[in-house]
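> using only what follows, build the 3D model:
(one chain, ligands or ions: 1)
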Amino acid sequence: MFFNKDKNHSTIQPFNRSTQDYITIKNDISISGNGLMKNKPCTVNFFPSKTGKIRYFIKGAEPFEACVENVLSTDHCVVLGNNKTKAMLTEHLTAALAFCGIDSVDICMDEMEVPALDGSSKKWVELFEKAGIEKHIFQKPKHYTVSEPVYYLNGKTSLVILPSDELYISYAVNYDHPDLTRRWVAYNPKNKQEIIEARTFGFYKDLKKFQMLGFAQGVTIENTLGLQDSGYTSELRSENEPVKHKMLDLIGDLYLTGINPLNLKCQILVKEAGHAVHIKTAKMLKDKLIECK
Ligand SMILES: [Zn+2]
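Numbering: from 1, shown residues only. All right, here's what the predicted structure looks like:
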């Protein structure tokens, strides 16, 4: 094994939950693939854990937790890490953990970028379902809300989180594409699978430029939806797939608060935002979360 696992690293437990409250995977499981940014092959091993943390172990370096405090960068993708090592493109994996309700797992990687797989959370969710998810029959998920409104407003961009009786999330975009001008999608249990399956996307005309700068080296027609003047480089998996992918990114980013956004009783209204704004808001949100019935 190429990593050092620190099994005793389990002192801080958010919201004083007991270890049996944590949801982990039943069995070890692994997957390999190339990264979207650097196109390097990477094998990821997942291990069940009772620490109540999502922890990354990269090539034997000191582990770090998947949390807002450990976000190193949000340029092109979310980069988590410490001063010794990092994991790039974690967001679709984090979103899959949120969708599966997994809040305690050890993730060991032999490279610094998470595999792109199909560019969405679909393959990750399938992997965790294959590993088995420890369900506690008598345990209902705890719900959280905000003690006061949390918001980030800057020009055309806004992200507002308000207390509510139930979860409501809407995401609005306004891109220079005929299908994506002033479009919005609301989260509901019926379109959950479409959100899980929504692939990452970008303007096809910008691809060469990003690749010359050293990014997007692993982009393929399968893992990324290219936006063209009046269409796409491949068939959409569902209507408004790019807007649904923004929702997926948001869910992954807000999960870095340590509380699953799908267990919030909040109205979350987002307009023309991205990872940087999601993470800024997640940092504010973390201090305002309170448990509710
Ligand atoms: Zn994404």
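> name the residues of the stretch 51-200 of the chain found near the ion, please.
For the stretch 51-200 of the chain, the residues in contact with the ion under the definition CB under 5 Å from the ion are residue 200. In short, each C-beta sits where N, CA and C put it, glycine included.
> so residue 167 is in contact with residue 251, correct?
No. With contact defined as CB atoms under 8 Å, residue 167 does not reach residue 251; the gap is 10.8 Å.
> which residues touch the residue in the stretch 1-150 of the chain that the ion sits nearest to?
Nearest residue of the stretch 1-150 of the chain to the ion, counting by CB to the ion: residue 91, 5.3 Å away. Applying CB atoms under 8 Å, 6 or more residues apart in numbering to residue 91 gives the contacts 77, 78, 249, 252, 253, 275.
> quick check on it: phi, psi?
Summarising the backbone geometry of residue 91 under the convention degrees, to the nearest 10, its torsions are phi -60, psi -40.
> and it, how close does it get to residue 166?
Separation of residue 91 from residue 166 (CB to CB, to the nearest Å): 25 Å.
> ok, back up a step: out of residue 167 and residue 251, which sits in the more crowded spot?
For residue 167 against residue 251, the residue with the higher neighbour count under other CB atoms under 10 Å is residue 251, and the figures read 28 against 18.
> output the below-cut-off pLDDT ranges for this structure.
Counting by pLDDT under 70, the ranges of the chain that qualify are 1-20, 137-138.
> outline the domain layout of it.
Per the record, the chain has its domains at 14-131, 143-199+237-292, by automatic domain parsing.
> need those in JSON lines (columns: distance to residue 226).
Below are the domains of the chain laid out as JSON lines (distance: least, CB to CB, whole Å):
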{"stretch": "domain 14-131", "distance to residue 226": "11"}
{"stretch": "domain 143-199+237-292", "distance to residue 226": "10"}
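> closest to residue 205 out of those?
Between residue 205 and these, the shortest gap by CB to CB is with domain 143-199+237-292, which sits at 10.2 Å.
> and the end-to-end length of the closest one?
Distance between the two ends of domain 143-199+237-292: 6 Å, counting by CA to CA, to the nearest Å.
> likewise stretch 182-189?
With CA to CA as the measure, what separates the two termini of stretch 182-189 is 23 Å.
> buried stuff in that stretch?
Within stretch 182-189, the residues scored as buried using 16 or more other CB atoms under 10 Å are 183, 184, 185, 187.
> stretch 280-293 now?
By neighbour count with 16+ other CB under 10 Å, stretch 280-293 contains the buried residues 280, 281, 282, 284, 285, 286, 288, 289.
> distance from that stretch to the middle of the chain?
Taking CA atoms, centre = their mean, to the nearest Å, the mean C-alpha location of stretch 280-293 is offset from the chain mean by 17 Å.
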